[in-house]
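>>> Below are the sequence and a predicted model for it; my questions follow.
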Amino acid sequence: MAQKVFTRDELRKYNGKDGNPAYVAIDGIVYDVSNSPAWHDGEHHGHQAGYDLTDVLYKDSPHKDRVLAKLPKVGTLSDEN
């Protein structure tokens, strides 16, 4: 099955609010964090799902990209808005 290509506008809909799944983009790959206890209600340490968090992950996160292997990949992030 082909993975979805998300624009940034589409990704923002997946914020973990109002029954929506929680997705984040890292290095162009979109991950589903909906079932991660660390992402309760689409938020994690002040960051909101629905965005490209590549910079946040590599600049602010103590775990860097080690946690990504455990998350389902649901698509890729387009360069378009």
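That came in fine, so what should we check first?

>>> This protein: strands as residue ranges?
Counting by DSSP state E, the chain has strands at residues 4-6, 23-26, 29-32, 43-44, 47-48, 73-77.

>>> got the ones you listed as CSV, with distance to residue 59, mean neighbour count and mean pLDDT columns?
Bear in mind the C-beta positions are built from the backbone N, C-alpha and C, glycine included. CSV is the format used below for the strands of the chain (distance: least, C-beta to C-beta, whole Å; neighbours: other C-beta atoms under 10 Å; pLDDT from 0 to 100):
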stretch, distance to residue 59, mean neighbour count, mean pLDDT
strand 4-6, 22, 15, 96
strand 23-26, 12, 25, 95
strand 29-32, 18, 20, 95
strand 43-44, 15, 18, 90
strand 47-48, 12, 16, 92
strand 73-77, 18, 17, 96
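
>>> Please tabulate the ones you listed in CSV, including the columns distance to residue 13.
CSV is the format used below for these (distance: least, C-beta to C-beta, whole Å):
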stretch, distance to residue 13
strand 4-6, 9
strand 23-26, 9
strand 29-32, 12
strand 43-44, 16
strand 47-48, 12
strand 73-77, 13
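
>>> Find the centremost residue of the chain, please.
residue 24 (0.8 Å; C-alpha atoms, centre = their mean).

>>> In contact with the residue nearest to it when sequence neighbours are not counted, which residues?
Take residue 24 and drop its neighbours on the chain: the residue closest to it by C-beta to C-beta, 6 or more residues apart in numbering is residue 53, 5.0 Å away. Residue 53 sits next to 24-26, 47 when contact means C-beta atoms under 8 Å, 6 or more residues apart in numbering.

>>> coming back round to it: do you know which of the strands of the chain lies nearest residue 15?
strand 47-48 (6.0 Å; C-beta to C-beta).

>>> Next one: residue 48 from residue 3, what distance?
22 Å (C-beta to C-beta, to the nearest Å).

>>> likewise residue 71?
13 Å.

>>> Can you pick out the residue with more neighbours from these two?
residue 71 (19 against 11; other C-beta atoms under 10 Å).

>>> For the lowest-mean-pLDDT helix or strand in the chain, could you pull out the residues that count as buried?
Ranked by mean pLDDT, DSSP states H and E, the weakest helix or strand in the chain is helix 54-60, scoring a mean of 78. Buried positions in helix 54-60, judged by neighbour count with 16 or more other C-beta atoms under 10 Å: 54, 56-57.
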